[in-house]
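A.B. asks: the sequence isn't on hand, but the structure is:
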């Protein structure tokens with residue numbers, strides 16, 4: 001009952017209320033990031049949701065589209081703007097995903113939505129992470145995030161799906177709050193983003 005009825009209702013109510021309450025704050029960062037990123041404050045990308053259905057995730061854009069002489073994007077660390085670095089460190093870049101929660105694409109808590117190309121290299125057990133809606137935060141995020149291996153993260157995602165409960169979600173939300181306050185586990189060393197999943201890492 002919690003997963004199918006109470007959790008979706010709670011997701012919508014909390015996300016909608018948070019968007020209304022945070023709207024001045026979001027407008028402020030939208031303006032700053034629009035200036036820093038040439039008029040592009042948001043990052044939209046295709047991600048697989050529940051049952052692998054594709055949706056567009058909404059995040060604040062923390063990196064520019066700067067390219068080298070050959071037209072290739074510069075390394076992530078070189079494209080990360082000053083305001084983008086702050087937004088990423090404080091996890092403010094994740095807040096626009098509340099819109100995805102209101103739309104029903106995502107949940108407040110669940111396995112993080114990864115890239116569509118990973119779908120074909122998951123093991124059958126790892127595929128279970130798509131039995132529920134993806135979340136803004138999740139069990140893997142409060143147990144290492146980018147500091148642990150991909151296989152460990154995916155194991156934690158599946159564990160969450162198999163043990164989903166109201167009390168577990170509350171625990172994850174509380175631990176997420178503590179990690180955001182401490183700015184823990186945001187990035188791997190010297191990288192703006194973590195390395196891609198290849199099925200073996």
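C.D. replies: Thanks, I have the structure now. As the structure is a prediction and not an experimental result, all values here were calculated from the model.
A.B. asks: hey, let's count contacts and neighbours off CA atoms from now on
C.D. replies: Noted.
A.B. asks: what about the strands in this protein?
C.D. replies: With DSSP state E as the criterion, the chain has strands at 42-48, 54-60, 107-109, 135-137.
A.B. asks: how deep is residue 142 tucked in, by neighbour count?
C.D. replies: Other residues near residue 142 come to 20 when the count uses other CA atoms under 10 Å.
A.B. asks: any idea how far residue 63 lies from residue 195?
C.D. replies: 16 Å (CA to CA, to the nearest Å).
A.B. asks: when the two are compared, which one has more neighbours?
C.D. replies: Neighbours were counted for residue 63 and for residue 195 using other CA under 10 Å; residue 63 has more, 24 against 12.
A.B. asks: from the centroid of the protein, which residue is nearest?
C.D. replies: For the chain, the residue nearest the mean C-alpha position is residue 136 (4.9 Å; CA atoms, centre = their mean).
A.B. asks: any idea how far residue 105 is from that residue?
C.D. replies: 11 Å.
A.B. asks: got a pLDDT number for the residue sitting furthest away from the middle of the chain?
C.D. replies: Here the centre of the chain is the reference, and by CA atoms, centre = their mean the most remote residue is residue 69, at 31.5 Å. We have a pLDDT of 82 for residue 69.
A.B. asks: likewise for residue 193?
C.D. replies: Value for residue 193, per-residue pLDDT: 55.
A.B. asks: same question for residue 189.
C.D. replies: pLDDT for residue 189: 40.
A.B. asks: same question for residue 198.
C.D. replies: Looking at residue 198, its pLDDT is 78.
A.B. asks: next one: residue 184
C.D. replies: 68.
A.B. asks: and what of residue 149?
C.D. replies: Looking at residue 149, its pLDDT reads 88.
A.B. asks: isn't it right up against residue 200?
C.D. replies: No - look at residue 149 against residue 200 with CA atoms under 8 Å: they stay out of range, at 9.6 Å.
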